[in-house]
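Trainee: What would the 3D arrangement of this be:
(one chain, ligands or ions: 1)
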Amino acid sequence: MTIKNEFLVTGMSCAHCEASVRGEVSKLAGVQSLEVSAKTGLLVIESAAPLSDDDVLAAVDEAGYEAARV
Ligand SMILES: [Cu+2]
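Mentor: Residues are numbered from 1 along each chain as shown. Down below sits the predicted model:
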């Protein structure tokens with residue numbers, strides 16, 4: 001079973017920003033795939049088990065951006 005986790009990230013402006021977020025979030029346990037768009041700010045993570053919002057927010061923070069659960 002795949003769970004979709006959606007977040008809105010603020011502060012991203014280019015492909016480099018997307019890569020930073022992707023790099024940190026992909027380190028989280030259970031992440032199967034993810035899509036991140038600097039244009040829309042959307043971060044969609046597919047995982048096998050529910051992800052902790054705090055873990056995702058911390059990973060995005062580590063990349064230098066802010067996220068909120070959609
Ligand atoms: Cu950038």
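Trainee: Geometrically speaking, which residue is the centre of this structure?
Mentor: Nearest to the mean C-alpha position of the chain, by C-alpha atoms, centre = their mean, lies Leu43 at 4.6 Å.
Trainee: Look at the closest residue in space to Gly11 that isn't next to it in sequence and report its pLDDT.
Mentor: Spatial nearest neighbour of Gly11, chain neighbours left out: Tyr65 (4.4 Å); criterion: C-beta to C-beta, 6 or more residues apart in numbering. All C-beta atoms are positioned from the backbone trio N, CA, C, and that covers glycine. At Tyr65, the predicted lDDT confidence score is 98.
Trainee: Could you pull up the residues touching the residue nearest to the centre of the chain?
Mentor: Listed by C-beta atoms under 8 Å, 6 or more residues apart in numbering, the contact set of Leu43 reads 6-9, 21, 25, 34-37, 56, 60, 67.
Trainee: if you set the cut-off to 7 Å instead, what comes out?
Mentor: 7, 9, 21, 25, 34, 36, 67 (C-beta atoms under 7 Å, 6 or more residues apart in numbering).
Trainee: can you confirm the third one is in a strand?
Mentor: What it means is Val21. No - checked against DSSP: H, G, I helix; E, B strand; the rest coil, Val21 lies outside a strand; its state is helix.
Trainee: Widest-spaced pair of the contacts of Leu43?
Mentor: The distance between the two most remote of these (C-beta to C-beta) is 12.1 Å, for Leu34 and Ala67.
Trainee: quick one: which of the two has more around it?
Mentor: Ala67 (23 against 18; other C-beta atoms under 10 Å).
Trainee: Please identify the helix or strand for the more buried one.
Mentor: strand 66-69 (DSSP states H and E).
Trainee: can you check Asn5 too?
Mentor: strand 3-10.
Trainee: Report the backbone C-alpha coordinates of that strand in CSV.
Mentor: Taking Å, rounded to 0.1, in the frame of the first residue of the first chain, the C-alpha atoms of strand 3-10 are listed here in CSV:
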residue,chain,number,x,y,z
ILE,A,3,0.4,6.5,1.1
LYS,A,4,0.6,10.0,-0.5
ASN,A,5,1.9,12.7,1.8
GLU,A,6,1.4,16.3,0.5
PHE,A,7,3.2,19.3,1.8
LEU,A,8,3.6,22.9,0.6
VAL,A,9,7.2,24.2,0.7
THR,A,10,7.9,28.0,0.7
